[in-house]
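**Q** need the 3D shape of this:
(2 chains)
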Amino acid sequence: MNCSVLILGAGGLGCEILKNLVMCKISSIHIIDMDTIELTNLNRQFLFSDEDIGKPKATTAIKYIETHFPNIPIRLIPLVCDLTTLNIEFYEQFDFIISGLDAIKPRRFINEIIIQIVCKSTFEKVIPFIDGGTEGLKGHVKTILPGFTACWECSINTLPKGQDTLPMCTIINNPRNLKHVIEYVITIIYPLDSIKWDDVFADDKSDKIYQNILDASFTRAKEFNIDTSELNLAYVMGVIKRIIPSVSTMNAMIAANTCNEFLKIYHDMIEITDSGTIQANNFTILNGAEGCFSYSFQYERLKNCSACSKLYPQT
Amino acid sequence: MNRYDRQLRLWGSAGQDLLSKAHICIIGPENSLLQETIKNLVLVGISKFTWFKSNDAPAYSQNDLFYKDLIQDMVPLNPRGVSIIQESMFNIHEITQNNNFSISIVISETNIPEELLRELSSSELSPVIMSHTEGLYGYVYTKLFEPHWVIESRPDYEVPSLRLDSPWDELREYMDTIRFETLDEYSMAELPYVVLLYKVLQHLHSSTQIDHKMIKDTLTNWYVSDINPKGTNDLNYDEALRYAHVALPNESYKVGLQKLIDFSQQDDNDRSNQWRDNYNRQIVTLVHALSIYLDSNCGDLMVNASIPDMESSSKIFGELQQVYRNKATRDLTEFSGVVHQLDESIPNDLITSFSCNVKNIKRIEPTARPINDFLTDSKLTEPYPILSTLLKFQKHQQVERTSDNKSFFLYESYPTTSFIGGLISQEVIKLITHQYIPISNTLIYDGMHNNITSFKC
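**A** Residues are numbered from 1 along each chain as shown, chains lettered A, B, ... in the order given. Prediction:
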């Protein structure tokens, strides 16, 4: 397939998407990720193994493909950097962007970029943006054709509210469980914001920091008579890093869904009506906790969307 | 940190332990669906496979496969080691003799032993998952031979049972030590909302039928009018209004639970304790013990040790939590006694888990039809044209291209095999861990419309 695709993220979804696109024989694939490989990635990021821990994800993923598919006629390019530092000229070169990111900020950035590209080219260049996300046995896929469908920003209100809503009063005066205790430790005693993480990783001091947080949590929990039977390093990390559970199975399903969306657009199987709207479901949610339930629907554009309303004639 | 940290948060170490001991049987040719399924299962920590490999795969060439040497390529994915024993299809009768497989997965294959197809020795058979994909379409079918019991179905939300309407002595005594007339507005703002709800119920004591609205009205017309006029902006008052339903006796689970108790007795009679899966046997014993426990406790379930977080001072929340914990410990001790009278071998962890999840227990009933009917009885699959077409492909039958099925012929979709490979392995995990609710029992994936249809077949 003669086509240039950019994959955002080389994590659980990114590895799956890369594999699927290689198997679909796409002519050019870029993959971008600024992270390095950690042990807890290995339950799903199957292009990496134990000896890769500490190496950059994007280059390691591409290296796996190159090693296992020598002489494959695919242009494969890894990028190890923050995607929000790249400019519109960089993004213009792609025909598709498929995303397996876990953060909101870079998705909003990409959404803005592809809308700008549509504006700049006066609808000559429309880069479809297909976004996948998972949380445990649940996931979603959004297909965005800027100028034709709802954009990523249009559906931002459907995101679950963050857990950052614990009142400070609870954390400081009335802690009742381990989460409240740890939030206190990482806000007041060892404020995470003030830690220079680059230095910490350079000197390999992160274990020491987590241990200090754990010790302080034990002390504070005792002080408030809070049960510590579940308190350990994994629990502390879960709270600090807001860890989202993740498993290979749902990752594979959501990544596959994003790639099928890509195939359908590439093969022209999504119809655009005369009025310029898309006759296809652009929003899919999947839940595998009880049987396997999927719901696909057409998410409508938000008329006053702060990102994409500039693409439409004002009425 | 643990390699499996991200999934341990989904099913805990008990679930992971079951996965690491599992032995999976796979029947089928080496196609991408089979590779994807094995890859996902190795990643979650399963290490033992027996693969009855059929060579019946004319359509698949090396170019369609991601792994050129599957067995070798799986090694780095599980440092404990991966054993994939290849067996010839000539030995496939071994599946039913000497069957110690946790699950059998049949992929794109129809050549399976008669015993499996016609359920000739059903008490010996492990669950079978069958699947095939073509183009943008795929199906997954699960055949159980005995009821599948789940303790940790893990619903997204459940209403806590706090027994405010039927308090035990210690709870009543604790609530009585909190007296509004001795508290100022600041102390009242620090009371957990369940205390407010309890007091409302006491206030309404003479009323025969208490409903949701009466509780809310009493909070407004009594608590913040007469008792604590400055409390209208308190967070605990807000929470009391929002969670007013927690004060009402929640009986809705009782019907479902009684059904499960009846089923467990029926299962026990049907199988005279001959369970293939020991986990199922243990749960049936636990449900039996539960019915004995309920009879001697006026139908009250074991109290849960943990209560939801709520606005409150640390001190009062801690005290209240302790009251529930004490009762939970006593109930659990009594229930464990009943369980161990029936069967001493049931582990304490399982009893605790059962006790915490008693309202979430599920039982999946096997379908009566043998696999052979699913494969050959066209009347069964007639209402589902996608499924009948998929089965024709799986059986290597000639599929005429018509206007209805033309989208099957558009192009190959590797992502579809990857999707179904993910789905199969997810169902394997649910069946092995006895956590979450498996599909029951047939599912069709339509990648063209992003649709999933499930039904019983």
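**Q** only C-alpha atoms from now on, for both contacts and neighbour counts.
**A** Fine.
**Q** the nearest residue to residue B:121 once chain neighbours are set aside sits in which helix or strand?
**A** Leaving aside its sequence neighbours, residue B:121 sits nearest to residue B:115 (Cα to Cα, 6 or more residues apart in numbering or on different chains; 6.3 Å). Secondary structure assignment for residue B:115, by DSSP states H and E: helix B:114-118.
**Q** my guess is residue B:440 contacts residue B:455. True?
**A** Yes. Residue B:440 lies in contact with residue B:455 (Cα atoms under 8 Å); the separation is 6.8 Å.
**Q** more neighbours: which of those two?
**A** Neighbours per residue (other Cα atoms under 10 Å in any protein chain shown) separate residue B:440 from residue B:455, with residue B:440 holding more: 21 against 11.
**Q** roughly how far apart are the residue nearest to the more buried one when sequence neighbours are not counted and chain A?
**A** Among residues not flanking residue B:440 along the chain, residue B:456 sits closest, at 6.0 Å (Cα to Cα, 6+ apart). Residue B:456 is 12 Å from chain A, where distance means Cα to the nearest Cα, to the nearest Å.
**Q** check residue B:109 too.
**A** 22 Å.
**Q** show me which residues of the stretch 51-200 of chain A are close to chain B?
**A** Taking Cα under 8 Å from any Cα of the partner chain as the criterion, the stretch 51-200 of chain A approaches chain B at residues A:68, A:136, A:170, A:173-177.
**Q** okay, now the domains of chain B?
**A** B:5-145+B:366-455, B:169-247, B:261-361 (automatic domain parsing).
**Q** Serialize those domains to TSV and add fields for distance to residue A:217 and mean pLDDT.
**A** Compiled in TSV, those are given as follows (distance: least, Cα to Cα, whole Å; pLDDT from 0 to 100):
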stretch	distance to residue A:217	mean pLDDT
domain B:5-145+B:366-455	21	91
domain B:169-247	24	94
domain B:261-361	15	93
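**Q** these: which one's closest to residue A:82?
**A** Closest to residue A:82 of the domains of chain B is domain B:5-145+B:366-455 (Cα to Cα; 24.1 Å).
**Q** any idea how far that closest one is from the middle of the chain?
**A** Here the centre of domain B:5-145+B:366-455 is set off from its chain's centre by 20 Å, with Cα atoms, centre = their mean, to the nearest Å.
**Q** first-to-last residue distance for that domain?
**A** Terminal residues of domain B:5-145+B:366-455 are spaced 34 Å apart (Cα to Cα, to the nearest Å).
**Q** where does the prediction get shaky in chain A?
**A** Residues of chain A that meet the criterion pLDDT under 70 lie in A:160-165, A:197-204, A:272-278, A:314-315.
**Q** at the geometric centre of it, which residue sits there?
**A** Centroid-nearest residue in chain A: residue A:101, 1.5 Å away (criterion: Cα atoms, centre = their mean).
**Q** how about the residues of the stretch 201-315 of chain A near chain B?
**A** For the stretch 201-315 of chain A, the contact set with chain B under Cα under 8 Å from any Cα comprises A:224-226, A:233-234, A:243-257, A:259-260, A:264, A:280-281, A:284, A:288-296.
**Q** from those, list the buried ones, please.
**A** A:224-226, A:234, A:245-257, A:259-260, A:280-281, A:284, A:288-294, A:296 (16 or more other Cα atoms under 10 Å in any protein chain shown).
**Q** now the helices: where do they sit in the stretch 201-350 of chain B?
**A** Assigned by DSSP state H, counting those that start in this stretch, the helices in the stretch 201-350 of chain B fall at B:212-218, B:235-242, B:252-271, B:278-295, B:314-342, B:348-356.
**Q** would you list those helices in JSON lines and tack on mean neighbour count?
**A** Listed next are those as JSON lines, based on neighbours: other Cα atoms under 10 Å in any protein chain shown:
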{"stretch": "helix B:212-218", "mean neighbour count": "17"}
{"stretch": "helix B:235-242", "mean neighbour count": "19"}
{"stretch": "helix B:252-271", "mean neighbour count": "15"}
{"stretch": "helix B:278-295", "mean neighbour count": "20"}
{"stretch": "helix B:314-342", "mean neighbour count": "18"}
{"stretch": "helix B:348-356", "mean neighbour count": "17"}
